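Asker: Sharing a sequence plus its predicted fold:
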Amino acid sequence: MDRSVEVVIREPTAEDADGLGAAHVAAWQIGYRGLMPSGYLSRLDAGARAERWRRTIVEGGSDATTLVAMVDDRIAGFTSYGPPRDDVDDGWGELWALNIHPDFWRRGIGTALFSAATNGLVGLGYSHAYLWVLRGNDRAIAFYRRQGWQPDGEVKIDDQRDFTPPLVELRCSTALV
Ligand SMILES: CC(C)(COP(=O)(O)OP(=O)(O)OC[C@H]1O[C@@H](n2cnc3c(N)ncnc32)[C@H](O)[C@@H]1OP(=O)(O)O)[C@@H](O)C(=O)NCCC(=O)NCCS
């Protein structure tokens, strides 16, 4: 069965903030179930997240480029990519985020956004790229392996959130060119 849908990928405008907030929170609440504390996930607020997206889009305060995937005028997901936020070799860019609304999983939208992001990283001049994925996020790890990105042995503890036990992140990387 062909489950693919027609996707338009473009940069977001401020009008997309609500859709971004909804997709972002739903992707986390379903995608990180069992990986992050349930109380933390249930308190995530799509409206508050939308407000943060609105500010980022209007004020342009991020180093990352964000692209949204539109399906029938609805935001199905987004990706952000750009310069590395870690101490890595010259020539390495980072895929900062990739989140698809669960309503749209397994329709090829992650692949379309991922491909746009890697093309964007090449366009920015990077020869290699990496991302961090939560240990145990088998769905995403399977997705990245399918794209040819492999866990490369680097590991870090997520120090942004004070969870017990702390979140462990695995690095996946690839040569881009
Ligand atoms: C991981 C994620 C981005 C995948 O997006 P998606 O749009 O569903 O992915 P695609 O439909 O393009 O899948 C492409 C391929 O990846 C693999 N894949 C995707 N989801 C998978 C799953 N649940 N189990 C196994 N393989 C999977 C498959 O090989 C799939 O091809 P197929 O459907 O023809 O078998 C999405 O599930 C998501 O947003 N998850 C929550 C947030 C998250 O974990 N983001 C990553 C943070 S590092």
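Answerer: Sure thing, it's come through.
Asker: What segments of this protein are helices?
Answerer: Secondary structure of the chain (DSSP state H): helices located at 17-31, 38-43, 46-59, 109-123, 138-146.
Asker: Let me have these in TSV, extended by mean pLDDT.
Answerer: Shown next, in TSV, are the helices of the chain (pLDDT from 0 to 100):
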stretch	mean pLDDT
helix 17-31	98
helix 38-43	97
helix 46-59	98
helix 109-123	98
helix 138-146	98
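Asker: out of the ones you listed, nearest to Gly153?
Answerer: For these, the distance to Gly153 is smallest for helix 138-146, at 13.7 Å, taking CB to CB. The way it works is simple: take the backbone N, C-alpha and C, and place the C-beta from them, glycine included.
Asker: what helices or strands is that closest one leaning on?
Answerer: Contact here means 3 or more CB pairs under 8 Å, 6 or more residues apart in numbering; DSSP states H and E; on that basis helix 138-146 packs against helix 109-123, strand 128-134, strand 168-175.
Asker: Just the buried positions in the longest one, please.
Answerer: Right, the one you point to is helix 109-123. In terms of neighbour count (16 or more other CB atoms under 10 Å), helix 109-123 has its buried residues at Ile109, Gly110, Ala112, Leu113, Phe114, Ala116, Ala117, Thr118, Gly120, Leu121.
Asker: Dump the C-alpha coordinates for it into PDB.
Answerer: Output of helix 109-123 as PDB, limited to C-alpha atoms (Å, rounded to 0.1, in the frame of the first residue of the first chain):
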ATOM      1  CA  ILE A 109       7.400  13.100   5.900                       C
ATOM      2  CA  GLY A 110      10.400  12.500   8.100                       C
ATOM      3  CA  THR A 111      12.300  11.400   5.100                       C
ATOM      4  CA  ALA A 112      11.300  14.400   3.100                       C
ATOM      5  CA  LEU A 113      12.300  16.900   5.900                       C
ATOM      6  CA  PHE A 114      15.500  15.000   6.600                       C
ATOM      7  CA  SER A 115      16.500  15.100   3.000                       C
ATOM      8  CA  ALA A 116      15.800  18.900   2.900                       C
ATOM      9  CA  ALA A 117      17.900  19.400   6.100                       C
ATOM     10  CA  THR A 118      20.900  17.400   4.800                       C
ATOM     11  CA  ASN A 119      20.800  19.300   1.500                       C
ATOM     12  CA  GLY A 120      20.600  22.500   3.600                       C
ATOM     13  CA  LEU A 121      23.700  21.400   5.600                       C
ATOM     14  CA  VAL A 122      25.600  20.700   2.400                       C
ATOM     15  CA  GLY A 123      24.500  24.100   1.100                       C
END
